[in-house]
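Visitor: my questions concern the predicted model and sequence given below.
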Amino acid sequence: MSGINLLPWREAARKKSQQNFVMSVVGAVAVGAVLVGAGYTYMEGRISYQEERNAYLETEIKQLDKALEEIKTLDANRKALLDRIAVIERLQSTRPGIVHLFDEMVNSLPKGLYLTELKQDKNKIKLIGKAESSARVSSYMNRLNSSPWLKSSDLNTIEVDTKNKDGNNNLRYFSLNVTQLLTSGNDEENDNGY
């Protein structure tokens, strides 16, 4: 048995084993490259799909931002219109007030008393005038208080004019405040029966 030479067979088996190993490595590298390529392609597809979704969302967000700006503009316009309507309604409700004020001033004015000055600040009215006696001022205040358009007459000052030559007819200078009651125009229309 010592005459059998196994070296060529071992050499051939070694070469065959090396070839199988190289083929396995090349196959593994090829499969790895294919898997890496497939993974890369898949990930690129997912990334581009997500980028498309992001672009779509950004477009929609821009459209919504424009819509929000329009809504804000509409809200501002609406608020401005409501403010204007409120001012107009307030003016409409107080429009007859000045007519009633002057009407009450004339109707409640007793003989022997006249006004020299009338100042109005919102619904507060300051009356300055002259009277023949303090009783006439008191009567005027009572008439103002009984008016449906005025209330709370309050006497500030009353002074006697001593510069008048006729001592029996000394005039009294007076100053009083009164509050105007402002009612809406609808109340007045209802009172008139319309």
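Guide: Sure thing, it's come through.
Visitor: output the contacting helices and strands for the helix or strand encompassing residue 104.
Guide: Using DSSP states H and E, residue 104 maps to helix 97-107. For helix 97-107, the elements it packs on are strand 113-121, judged by 3 or more Cβ pairs under 8 Å, 6 or more residues apart in numbering; DSSP states H and E. Where C-beta positions appear, they are placed from N, C-alpha and C, glycine not excepted.
Visitor: residue ranges in this structure under the pLDDT threshold?
Guide: Counting by pLDDT under 70, the low-confidence segments of the chain come to 1-6, 162-169, 182-194.
Visitor: quick one, strands of this structure?
Guide: Per DSSP state E, the chain carries strands over the ranges 113-121, 124-131, 150-160, 172-180.
Visitor: ok so, going back, the helix holding residue 104 to strand 150-160, inter-axis angle?
Guide: Angle of helix 97-107 versus strand 150-160, following axes from the mean of the first three to the mean of the last three Cα atoms, to 10 degrees, is 50 degrees.
Visitor: so how far is helix 97-107 from its chain's centroid?
Guide: Centroid displacement of helix 97-107 relative to its chain, using Cα atoms, centre = their mean, to the nearest Å, is 38 Å.
Visitor: check which residues of that helix are buried.
Guide: With burial defined by 16 or more other Cβ atoms under 10 Å, the residues of helix 97-107 counted as buried are 97, 100-101, 104-105.
Visitor: closest to residue 113 among these?
Guide: Relative to residue 113, the closest of these is residue 105; by Cβ to Cβ it sits at 11.2 Å.
Visitor: contact partners for the closest one?
Guide: Counting by Cβ atoms under 8 Å, 6 or more residues apart in numbering, residue 105 makes contact with 115, 118, 127.
Visitor: quick one, which of the residues you listed are buried?
Guide: Among the contacts of residue 105, those buried by neighbour count (16+ other Cβ under 10 Å) are residue 127.
Visitor: fine, thanks again, bye for now.
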